[in-house]
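Q: Prediction below, plus the sequence it came from.
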Amino acid sequence: EQDLLDVQQPYEYRDTGQGYHRVQQSPRVYAAMVDIVQETQQEVGQWIGSSRVHIGDQQVPNGLMFIDKYGQLNRIINP
């Protein structure tokens with residue numbers, strides 16, 4: 001919520017290639033996710049695939065979309 005309401009990180013309304021979205025950097029969410037990915041990589045020992053965290057870019061425009069997009073993974077993996 002702090003990222004979504006941060007006046008230092010204003011929204012920019014632009015075409016992301018997936019339609020028009022309010023694109024906003026979310027440094028707190030980004031930092032937390034990078035930490036989680038790094039801890040997970042250390043725990044599992046071997047990592048297959050990308051460890052890139054998308055947020056505030058063309059793929060995941062803002063923190064709210066991040067929560068929505070990645071919150072659906074469990075339902076996709078375990079229908």
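A: On my side now, so go ahead. Numbers count the residues shown, from 1 in each chain.
Q: For the protein, which segments count as helices?
A: 27-44, 63-71, 73-77 (DSSP state H).
Q: Can I get the shortest one in CSV? Just the C-alpha atoms.
A: Okay, so that is helix 73-77. The C-alpha trace of helix 73-77 is given here as CSV (Å, rounded to 0.1, in the frame of the first residue of the first chain):
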residue,chain,number,x,y,z
LEU,A,73,-0.3,-18.6,-9.5
ASN,A,74,-1.6,-20.9,-6.8
ARG,A,75,-4.9,-21.2,-8.6
ILE,A,76,-3.2,-22.0,-11.9
ILE,A,77,-0.8,-24.5,-10.5
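Q: Quickly note the distance from residue 28 to residue 35.
A: Separation of residue 28 from residue 35 (Cβ to Cβ, to the nearest Å) stands at 11 Å. Yep, even glycine has a C-beta here, placed from its N, CA and C like the rest.
Q: Nearest to residue 1, out of the helices of the chain?
A: helix 63-71 (8.2 Å; Cβ to Cβ).
Q: could I get the closest one in CSV with only the CA atoms?
A: C-alpha atoms of helix 63-71 as CSV (Å, rounded to 0.1, in the frame of the first residue of the first chain):
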residue,chain,number,x,y,z
GLY,A,63,2.0,-2.9,-7.4
LEU,A,64,-1.7,-3.7,-7.7
MET,A,65,-1.2,-5.6,-10.9
PHE,A,66,1.7,-7.4,-9.3
ILE,A,67,-0.5,-8.6,-6.5
ASP,A,68,-3.2,-9.7,-8.9
LYS,A,69,-0.9,-11.4,-11.4
TYR,A,70,1.2,-13.3,-9.0
GLY,A,71,-1.7,-14.0,-6.6
